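K.L.:
Below is the structure, and that's it, no one-letter string:
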């Protein structure tokens, strides 16, 4: 064999020679590398095959320091294995990315997508539907405090009922009965004409919430967070809803739903027929105002915030700001929202206003500051007008046929045109007005802290008659077809005819 090989003239091992040895000395981070030209180095990051003398990968520019050098055959096998591993890793990354994207998409759909439609309420009850009555704190769901059908009264005492406790809530009435809530936690039903007690029920805690009447049911909230539905005829309990926070504001019933705010700043929508929760808003400042309800929105005031919720879902549509704090319930006429402040001003908001994109918090504050220093144009605002009524906090207002009537702590009661803001007349009471001004028929009724309850001519503001009664602060007289019912500061309910 040796002779045959010698005769062929070839070098020994020419057909089966091993590749030259690779010098791996000095291989490491920052160290030099000396590779044979035929050797290859596979990138550990992207899997690309690189010439043996390269220090960085041609594909991803990662360092090749510490990477193993191989002959082409071994390198090919290693690259195929590395490629398979890379493909598996890539597939795993894509699967993870798809999972994250799917989760983000689901969150976005739930958060910003179309709201799930609720089933209709089980009834269509409304506390505005009582003919000739005053079935809630503000007469109707727009909070106008205007009883158009009320006759003229003479201001003569018909009867009185002593509760023994100061009134914290206003009376509600039908043409047949008057319902009151007492500070010691009783709900009492009285005959509208005689004042005789029909029934009485003890609540589980004191009551600040004015009862609301819808159909044959009475709805009232208590300080321990219970909203109860009572049979108006006998006081029997129909259902109880646990709000889990104090209920001091009055409720309103509209379209079969009871709306009431709580001490944690949440607005509740409860089925008027069953007491089941329809929706509940997020927390905020304590809601102590009566909600105002439109076809699409429910509006409440909470200190310096006026919050507008979508009626169908409870989603917060917009928050409006009242400098100094709101002192009245929101009143809605058309697409305008009226609210009084502690600074004696009446603010008129555009109910349909929404802030421009990204016009939030810091940007809004910087824009306003720049505007004050005349370095920017007037910022977008929902305020249509701000009218000065007096120099003290404003009490609850009434709106009747295009004219707004409102009193304040300085004793002024003002009648003004809702479109132009022009004053029609001004009446000066003997002391501050801390109770609601209401309108019944062609008369305006208001009480002052000096213990005088006055009936004024709606057209001129002239005094028609006066009655000696200290109306409880923050309460609203109820004007019905049978009479006027006043919650006295000493706990006496007065019925005038």
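P.N.:
Good, I have the coordinates. Computed from a prediction, not measured in an experiment: that's the story for all the values here.
K.L.:
contacts for the host helix or strand of residue 446?
P.N.:
Following DSSP states H and E, the helix or strand that holds residue 446 is strand 443-447. With contact meaning C-beta atoms under 8 Å, 6 or more residues apart in numbering, strand 443-447 is reached by 150, 152-153, 398, 405, 407, 413, 415, 427, 429, 433, 435, 437-439, 453-458, 461, 464, 469-471, 477, 479, 484, 486. The C-beta positions use only the backbone N, C-alpha and C, and glycine is treated the same way.
K.L.:
The closest residue to residue 382 other than its chain neighbours: neighbour count?
P.N.:
Excluding its sequence neighbours, the residue lying closest to residue 382 (C-beta to C-beta, 6 or more residues apart in numbering) is residue 353, at 3.6 Å. Burial of residue 353, expressed as a neighbour count using other C-beta atoms under 10 Å, amounts to 16.
K.L.:
Let's see the pLDDT reported for residue 353.
P.N.:
For residue 353, the pLDDT comes out at 91.
K.L.:
cool, residue 21 as well?
P.N.:
For residue 21, pLDDT reads 40.
K.L.:
again, but for residue 46
P.N.:
Residue 46 is assigned a pLDDT of 72 by the prediction.
K.L.:
Count the residues that sit near it.
P.N.:
Using other C-beta under 10 Å, residue 46 is surrounded by 14 other residues.
K.L.:
contacting residues around it?
P.N.:
For residue 46, the contacting residues are 57, 59-60, 62, 86, by C-beta under 8 Å, 6+ apart.
K.L.:
let's see it at 7 Å
P.N.:
57, 59-60 (C-beta atoms under 7 Å, 6 or more residues apart in numbering).
K.L.:
Lowest-confidence one in the residues you listed?
P.N.:
Minimum pLDDT across the contacts of residue 46 falls on residue 59, with 74.
K.L.:
low pLDDT regions in the stretch 101-250 of the chain?
P.N.:
By pLDDT under 70, the weakly predicted segments of the stretch 101-250 of the chain are 104-105, 107-117, 129.
K.L.:
just so I have it, where are all the strands in it?
P.N.:
All strands of the stretch 101-250 of the chain, identified by DSSP state E, counting those that start in this stretch, fall at 146-147, 157-162, 172-173, 177-181, 186-191, 197-202, 212-214, 217-221, 226-231, 237-242.
K.L.:
Give the other helices and strands that the last one contacts.
P.N.:
Counting contacts by 3 or more C-beta pairs under 7 Å, 6 or more residues apart in numbering; DSSP states H and E, strand 237-242 packs against strand 226-231.
K.L.:
cool, and the first one?
P.N.:
Counting contacts by 3+ C-beta pairs under 7 Å, 6+ apart, strand 146-147 is packed against strand 398-400.
K.L.:
Show me the strands paired with the strand it packs on, marking each as parallel or antiparallel.
P.N.:
In the sheet, strand 398-400 lines up against strand 403-407 (antiparallel) (DSSP bridges).
K.L.:
who's in contact with stretch 277-291?
P.N.:
Outside stretch 277-291, the residues that touch it by C-beta under 7 Å, 6+ apart are 118, 121, 137-138, 143, 248-250, 252, 257, 259, 261-271, 298-303, 305, 307, 309, 313-314, 316, 329-330.
K.L.:
Return the subset of those lying in strands.
P.N.:
Among the contacts of stretch 277-291, the ones falling in strands (DSSP state E) are 252, 257, 259, 261, 267-271, 298-302, 305, 307, 309, 316.
K.L.:
In PyMOL, select just the buried ones from those residues.
P.N.:
Buried residues within these, by 16 or more other C-beta atoms under 10 Å, are selected in PyMOL with:
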select buried, resi 252+257+259+261+267+268+269+270+271+298+299+300+301+302+305+307+309
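K.L.:
give me the low-pLDDT residue ranges for the stretch 301-450 of the chain?
P.N.:
359-362, 391.
K.L.:
could you redo the last one with a cut-off of 50?
P.N.:
By pLDDT under 50, the stretch 301-450 of the chain has no low-scoring segment.
K.L.:
Nearest residue to the middle of this structure?
P.N.:
residue 316 (4.3 Å; C-alpha atoms, centre = their mean).
K.L.:
can you pull the buried residues of stretch 304-313?
P.N.:
Buried residues in stretch 304-313, counted by 16+ other C-beta under 10 Å: 304-309, 311, 313.
K.L.:
Show me the contact partners of that stretch.
P.N.:
The contact list for stretch 304-313 (C-beta under 7 Å, 6+ apart) reads 115, 118, 267, 279, 281, 284-285, 293, 296-300, 315-323, 325-326, 330, 339.
K.L.:
Now the buried members of the residues you listed.
P.N.:
Buried residues within those, counting neighbours by 16+ other C-beta under 10 Å: 267, 279, 281, 284-285, 293, 297-300, 317-318, 320, 322, 326, 330, 339.
K.L.:
ok, residue 306 to residue 280 distance?
P.N.:
19 Å (C-beta to C-beta, to the nearest Å).
K.L.:
Now flag whichever of the buried residues of stretch 304-313 is closest to residue 40.
P.N.:
Nearest to residue 40, judged by C-beta to C-beta, of the buried residues of stretch 304-313 is residue 313 at 63.7 Å.
K.L.:
Pull the distance from stretch 463-476 to the chain's centre.
P.N.:
34 Å (C-alpha atoms, centre = their mean, to the nearest Å).
K.L.:
Surely residue 198 and residue 177 touch.
P.N.:
Yes: contact criterion C-beta atoms under 7 Å: residue 198 and residue 177 qualify, at 6.4 Å.
K.L.:
any common contacting residues for those two?
P.N.:
Contact with both residue 198 and residue 177 is made by residues 189-191, according to C-beta under 7 Å, 6+ apart.
K.L.:
The strand holding residue 446: what's the following helix or strand?
P.N.:
Criterion used, DSSP H and E; the element after strand 443-447 is strand 452-457.
K.L.:
which residues in the stretch 351-497 of the chain form helices?
P.N.:
Using DSSP state H, counting those that start in this stretch, the helices found in the stretch 351-497 of the chain span residues 361-372.
K.L.:
circling back to that earlier point, make TSV from the contacts of residue 46 and add distance to residue 366, neighbour count and secondary structure to it.
P.N.:
Shown next, in TSV, are these (distance: C-beta to C-beta, whole Å; neighbours: other C-beta atoms under 10 Å; DSSP: H, G, I helix; E, B strand; the rest coil):
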residue	distance to residue 366	neighbour count	secondary structure
57	48	21	coil
59	47	13	coil
60	44	11	coil
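K.L.:
just these now: which is nearest residue 244?
P.N.:
Nearest member of these to residue 244, counting by C-beta to C-beta, is residue 60, at 57.4 Å.
K.L.:
now the residue nearest to the residue nearest to the centre of the chain when sequence neighbours are not counted, which residues is it bridged with?
P.N.:
Leaving out its chain neighbours, the residue that sits closest to residue 316 by C-beta to C-beta, 6+ apart is residue 309, at 5.8 Å. Taking DSSP bridges as the rule, residue 309 bridges to residue 298, residue 316.
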